[in-house]
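**Q** Any chance you could fold what I've pasted below:
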Amino acid sequence: MISPQSKNYLQSNRKRLALFQDEVAFLMGKRGGAKISRYERFELEPGLRTALAFEVIYKRSVSELFDGLYHEVEKEIAKRAKILNHRKDRKPRETAARKRETLNALATA
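**A** Predicted coordinates:
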């Protein structure tokens, strides 16, 4: 379950386009707007297909629509990247250097 503090912009984008929840649900091939309401209130976490459908309908990237969740995930990955970066690597030096570069970039997000 997603943290209640996570912010999403589903409702504001739906209203920007003057669409009702039932209409968004219909565009997604779902029945009724109840699920759309739950997505908007973060009572339900959308799967990849649903998140991409929101992107198509609202013409905004998934990371933009789910900004709060995006930043939560970004922080979690940065924390794990720092841990992973401190582990010893048994790979050849060239591979290890590329890996360090990748992890450093992720850790500073």
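
**Q** Need the nearest residue in space to residue 27, chain neighbours excluded.
**A** In space, and not counting its chain neighbours, residue 27 is closest to residue 57: 5.6 Å by Cβ to Cβ, 6 or more residues apart in numbering. For glycine as for every other residue, the C-beta is placed from the backbone atoms N, C-alpha and C.

**Q** Now for residue 14: which residues touch it?
**A** Residue 14 is in contact with 20, 21, 24, 36, 40, 58, counting by Cβ atoms under 8 Å, 6 or more residues apart in numbering.

**Q** Spit out the contact partners of the fourth one.
**A** Going back to what we said before, that points to residue 36. Here residue 36 is in contact with 10, 14, 21, 22, 24, 25, 28, 30 (criterion: Cβ under 8 Å, 6+ apart).

**Q** so the fourth one makes contact with residue 35?
**A** Okay, so that is residue 22. No: counting by Cβ atoms under 8 Å, residue 22 stays clear of residue 35, with 10.5 Å between them.

**Q** Report the separation between the residue lying closest to residue 50 once chain neighbours are set aside and residue 99.
**A** In space, and not counting its chain neighbours, residue 50 is closest to residue 28: 6.7 Å by Cβ to Cβ, 6+ apart. For residue 28, the distance to residue 99 (Cβ to Cβ, to the nearest Å) stands at 39 Å.

**Q** And for residue 55?
**A** 31 Å.

**Q** repeat for residue 62
**A** 27 Å.
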